[in-house]
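1. Okay, here's the prediction I keep looking at, along with the sequence it came from:
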Amino acid sequence: MPSLGLHRSRGSPRPHCDALGVLERYTGRARRVVELAEEEAQGLGRNYLGCEHLLLGVLREPDIAALAMEAVGVKLDVARAELKRIVGWRHDGGERGSLPVTPRARRVLEDAQTQATMACARAVGTAHVLLALLVEPEGVHIAIFTKFGVDPQSVVDELVRLERDPKYGAAAGRAMMERSSPAWQGARLTSRR
């Protein structure tokens, strides 16, 4: 399994670009999603980083993607409990340091770049990671989406609504998108498969 090359610096996890540059265009918050996903995987005793962990990372990072998921009824604690119910929990605490990334999770991280490009964004934000998770057709994260009755279009609609909301749009929209044009309003879920 390939690794994203997450490394520890002064005691805190900090992602950096791997040889293929998967995280190169990621905003700080989107990189933080990957860090949090690694923490979630380790906390569940896993020795890999999967899509289900990326979903928990999205839900933990206080940004527009987490707000959109909460608005459609997906809460971090309940999603984490559902994941534990589905895959269990290991008592060894998992590996420490960089975790290998499953091929499916790597594909999601790459597809997030496609989502950003389609939205005319210069950088990949947390919403792009979420959109890439929504279009990935397989994985444990799909069971969580199904449990909560997540409709992908309602998530997109909520992202658009939040971006237009003055309370969130100015700061969250910039952090999420760092884009050069307002094309996000026309966002569509697009998979490269």
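-> Cool, got the structure. Numbering: from 1, shown residues only.
2. what residue ranges in the protein are flagged as low confidence?
-> The chain contains residues with pLDDT under 70 at 1-21, 90-97, 169-193.
3. those strands in it, which residues are they?
-> Listed in chain order, the strands of the chain (DSSP state E) span residues 7-9, 12-14.
4. hang on, isn't residue 138 packed against residue 104?
-> Yes - assessed by C-beta atoms under 8 Å, residue 138 is found in contact with residue 104 at 6.6 Å. C-beta coordinates here come from the backbone N, C-alpha and C atoms, glycine included.
5. between the two, which one's more packed in?
-> More neighbours surround residue 104 than the other of residue 138 and residue 104, with 18 against 9 (other C-beta atoms under 10 Å).
6. In contact with the more buried one, which residues?
-> Going by C-beta atoms under 8 Å, 6 or more residues apart in numbering, residue 104 touches 50-51, 136, 138-139.
7. So which of these is the closest to residue 75?
-> residue 51 (18.4 Å; C-beta to C-beta).
8. Now do that closest one against residue 66, distance only.
-> Applying C-beta to C-beta, to the nearest Å, the value for residue 51 to residue 66 is 16 Å.
9. backbone phi and psi for the residue nearest to residue 102 when sequence neighbours are not counted, please?
-> In space, and not counting its chain neighbours, residue 102 is closest to residue 50: 4.7 Å by C-beta to C-beta, 6 or more residues apart in numbering. Dihedral angles of residue 50 (phi, psi; degrees, to the nearest 10) stand at phi -120, psi 180.
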